[in-house]
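1. mind looking at a prediction? Sequence and model below.
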Amino acid sequence: MTTRGFPEGFAWGVATSAYQIEGSTAADGRGTSIWDTFAHTPGRVLNGENGDVANDHYTRYAEDVALMASLGVGAYRFSLSWPRIMPGGTVNQGGLDFYRRLADTLLEAGITPYATLYHWDLPQELEDAGGWPARDTAYRFADYAAVVREALGDRVKHWFTVNEPWCSAFLGYASGDHAPGLRSPELAVRAAHHLLLAHGLAAPVLREGDGLAGAAPNLYAVSPASDSELDLDAARRIDGLQNRFFLDALLRGSYPEDVVRDLAPFGFEDVVQAGDMELIGGPIDFLGVNYYSRHTVSAESDGGVVATSPFASASPWPGASHVSFVHGGRPVTDMGWEVDPGGLHEILTRVAKEYPSVPLYITENGAAYVDTVVDGEIDDHERLSYIEAHLAACHDAIADGVPLKGYFAWSFMDNFEWGWGYGKRFGLVHVDYETQKRTPKSSARWYGQISRQNGLP
Ligand SMILES: OC[C@@H]1[C@@H](O)[C@H](O)[C@@H](O)c2[nH]c(CCc3ccccc3)c[n+]21
């Protein structure tokens with residue numbers, strides 16, 4: 001019974017990423033990624049865990065697709081492993097064959113594939129040649145996009161270029177909590193621009209013919225802890241670095257002046273070359289929005305460390321190291337992130353109101369909670385409630401005129417949660433890593449029902 005229906009054709013999906021679920025990190029010619037290197041470096045991932053096996057999805061993909069179909073979801077957002085497809089810069093048909101098999105299996109099951117080209121697993125040899133701080137990496141990404149389009153474009157029509165450039169740039173090169181684990185704000189601001197340039201170079205390639213493409217930034221609602229001038233400025237800085245830097249570039253083809261000013265001490269002026277912004281702000285068919293929580297910001301000086309790994313270290317916020325993140329008094333998930341569905345409505349209506357009109361997808365939304373298996377069942381009512389509340393916010397946003405076209409729950413199944421390893425579970429489906437047994441949680445069955453009826457009760 002649906003009282004809150006979603007538009008006809010709304011995409012109900014689940015999401016994952018290659019390094020977090022595939023395993024088989026040396027199979028069929030796959031090369032090394034920066035996350036293979038990072039996870040195998042002692043002290044980088046909790047309990048020394050890594051993605052060598054993960055969910056063994058590389059061999060179990062048909063079982064996983066069948067499970068998705070049995071639940072009733074209609075779309076699947078996954079990522080392509082660049083080092084599987086172009087190890088050492090050469091095309092590896094063994095890697096492409098896996099994604100051809102996966103896409104065919106999805107289509108046969110009536111599930112629409114949405115493929116992300118970059119979800120953080122840069123080929124190590126490109127990192128060795130300078131990584132995202134090096135402009136050439138953006139051009140290598142465009143070459144990779146052409147290979148992917150050629151090999152998979154007959155099966156996949158919906159593409160996301162880069163997942164969360166903020167994370168790759170600022171967690172990878174400023175705080176060091178993510179691969180490649182560097183701590184240089186100068187390198188981070190260069191990486192941020194080149195990740196966007198990579199998007200700008202690749203999008204036209206992916207949009208050739210009947211291809212549809214966008215990017216998937218992570219956006220937060222941002223509030224000052226108080227209305228003091230110092231807190232207002234701290235919130236402005238964080239909103240600028242987290243949201244406006246990416247939204248302005250992607251949707252307006254320019255960087256916000258205040259953020260450019262804040263980043264000047266880190267050499268940001270020298271990174272942008274003539275023609276870059278026209279590429280970055282070039283036409284896209286949709287924008288993905290990854291939303292999890294709200295930042296409440298005050299102007300204290302704990303360096304703005306955000307709990308992105310158990311080894312939270314240097315600040316990921318160049319130009320805003322005087323800030324700190326305070327709890328706004330809301331319930332939190334197992335990640336310590338505040339549950340704030342109102343923030344999702346706020347972000348969606350803001351993007352729709354302040355930026356040129358573009359169709360939107362929620363490309364990630366979900367929650368980690370501690371799951372307990374009782375007689376083979378997992379009653380994850382907190383995760384179900386989190387998703388229900390955020391879907392209600394989506395429904396309200398659509399009613400307010402937001403062109404929202406779909407929602408992808410993060411994540412289809414429990415998986416490798418980066419610096420936290422396997423201890424943080426976001427899945428609608430439980431994974432027993434000893435046996436690789438998949439068990440749908442109560443949220444999975446509920447979400448499948450919502451998908452089938454295209455609406456909330
Ligand atoms: O942390 C849950 C998911 C990750 O598993 C996804 O791979 C990634 O796209 C993603 N982004 C976010 C929000 C930004 C963030 C990422 C990682 C760690 C902390 C914050 C949350 N998530």
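-> That came in fine, so what should we check first?
2. residues contacting the residue nearest to residue 337 when sequence neighbours are not counted?
-> Using Cβ to Cβ, 6 or more residues apart in numbering and skipping the chain neighbours, the partner closest in space to residue 337 is residue 293 (4.0 Å). No exception for glycine: its C-beta is placed from N, CA and C like everyone else's. Residues touching residue 293, when contacts are defined by Cβ atoms under 8 Å, 6 or more residues apart in numbering, comprise 220-221, 337-340, 343.
3. please repeat the previous calculation with a cut-off of 7 Å.
-> Going by Cβ atoms under 7 Å, 6 or more residues apart in numbering, residue 293 touches 220, 337-338, 340, 343.
4. which strands and helices sit next to the host helix or strand of residue 393?
-> Assigned by DSSP states H and E, residue 393 belongs to helix 381-399. When contacts are defined as 3 or more Cβ pairs under 7 Å, 6 or more residues apart in numbering; DSSP states H and E, helix 381-399 sits against helix 341-354, strand 404-410, helix 442-453, strand 455-456.
5. of those, flag the one that's most buried.
-> Mean neighbour count (mean count of other Cβ atoms under 10 Å) peaks for strand 404-410 among the helices and strands packed on helix 381-399, with a mean of 24.
6. relative to helix 381-399, how tilted is it?
-> Counting by axes from the mean of the first three to the mean of the last three Cα atoms, to 10 degrees, strand 404-410 points 170 degrees away from the direction of helix 381-399.
7. ok, strand 404-410 near the ligand or not?
-> Yes: contact of strand 404-410 with the ligand is found when judged by Cβ under 6 Å from any ligand atom, involving residue 410.
8. same for that strand, what does it pack against?
-> By 3+ Cβ pairs under 7 Å, 6+ apart, strand 404-410 packs against strand 11-15, strand 75-79, strand 360-365, helix 381-399.
9. so can I have JSON lines of the ones you listed showing mean neighbour count?
-> Supplementary listing: the helices and strands packed on strand 404-410 in JSON lines, determined by neighbours: other Cβ atoms under 10 Å:
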{"stretch": "strand 11-15", "mean neighbour count": "25"}
{"stretch": "strand 75-79", "mean neighbour count": "26"}
{"stretch": "strand 360-365", "mean neighbour count": "25"}
{"stretch": "helix 381-399", "mean neighbour count": "19"}
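10. dump the ones you listed to CSV, plus mean pLDDT.
-> CSV is the format used below for the helices and strands packed on strand 404-410 (pLDDT from 0 to 100):
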stretch, mean pLDDT
strand 11-15, 99
strand 75-79, 99
strand 360-365, 99
helix 381-399, 98
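11. tell me which of the ones you listed lies nearest to residue 454.
-> Nearest to residue 454 among the helices and strands packed on strand 404-410 is strand 11-15 (7.3 Å), distances taken as Cβ to Cβ.
12. show me what secondary structure element comes after the closest one.
-> Past strand 11-15, heading to the C-terminal end, the next element that is a helix or strand (DSSP H and E) is helix 18-21.
13. could you give the separation of that following helix from the chain centroid?
-> Chain-centre distance of helix 18-21: 12 Å, with Cα atoms, centre = their mean, to the nearest Å.
14. quick check: mean pLDDT across it?
-> Along helix 18-21, the predicted confidence averages to a pLDDT of 99.
15. and the residue of the stretch 251-400 of the chain closest to the ligand?
-> Scanning the stretch 251-400 of the chain for the residue nearest the ligand gives residue 308, at 3.8 Å (criterion: Cβ to the nearest ligand atom).
16. burial of that residue, as a residue count?
-> Here the number of neighbours of residue 308 (other Cβ atoms under 10 Å) works out to 19.
17. what do you get for residue 359?
-> In terms of burial, residue 359 registers 15 neighbours under the definition other Cβ under 10 Å.
18. got the residues of the stretch 301-450 of the chain near the ligand?
-> Taking Cβ under 6 Å from any ligand atom as the criterion, the neighbours of the ligand within the stretch 301-450 of the chain are 308, 364, 410, 417-418, 426.
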